[in-house]
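Participant: Starting from these lines, generate the structure:
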Amino acid sequence: MLYNVKTDADTKEIEAVLATADPKHLIEGLNNDEAIKTFWINMYNAWFQILATREKKTMPEIFTGKLITIAKTKFSLDDIEHGILRRYR
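Facilitator: A predicted model of the protein is given here:
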């Protein structure tokens, strides 16, 4: 998804797949700390770009709004950064 964002390619299909993904399958696919960290860093960076450019979100909503759906769960950028990524420092 991040590659598509960086190359200005459409991300809607990827967003839909991620939003409706079975949480169990996501957990199974992210089977080590490096994979988990890489996935969430890429999600954070991709979604920041999507929210800032396509969705025109601004502070504080861009960080605090639960605007991202991954595996049937709503997240904010703050959730990803502080709730998930800080564990992998």
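Participant: Now do the contacts for the residue sitting nearest the centre point of the chain.
Facilitator: Computing the C-alpha centroid of the chain and ranking residues by Cα atoms, centre = their mean puts residue 43 first, at 3.0 Å. Counting by Cβ atoms under 8 Å, 6 or more residues apart in numbering, residue 43 makes contact with 1, 18, 68, 70, 80. All C-beta atoms are positioned from the backbone trio N, CA, C, and that covers glycine.
Participant: Return the subset of those lying in helices.
Facilitator: Using DSSP state H, the subset of these located in helices is residue 18.
Participant: will you turn the contacts of residue 43 into JSON lines that also has neighbour count and distance to residue 59?
Facilitator: As requested, the contacts of residue 43 are exported to JSON lines (neighbours: other Cβ atoms under 10 Å; distance: Cβ to Cβ, whole Å):
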{"residue": "1", "neighbour count": "19", "distance to residue 59": "23"}
{"residue": "18", "neighbour count": "19", "distance to residue 59": "24"}
{"residue": "68", "neighbour count": "22", "distance to residue 59": "16"}
{"residue": "70", "neighbour count": "19", "distance to residue 59": "22"}
{"residue": "80", "neighbour count": "21", "distance to residue 59": "16"}
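Participant: can you give me the strands for the protein?
Facilitator: For the chain, strands defined by DSSP state E occupy the ranges 68-70, 73-75.
Participant: Make CSV out of the ones you listed and add distance to residue 25.
Facilitator: Shown next, in CSV, are the strands of the chain (distance: least, Cβ to Cβ, whole Å):
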stretch, distance to residue 25
strand 68-70, 12
strand 73-75, 13
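Participant: CSV for these, including distance to residue 10 and mean pLDDT?
Facilitator: Shown next, in CSV, are the strands of the chain (distance: least, Cβ to Cβ, whole Å; pLDDT from 0 to 100):
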stretch, distance to residue 10, mean pLDDT
strand 68-70, 17, 99
strand 73-75, 21, 99
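Participant: Of the ones you listed, give the one that comes closest to residue 50.
Facilitator: strand 68-70 (8.7 Å; Cβ to Cβ).
Participant: Thank you, goodbye.
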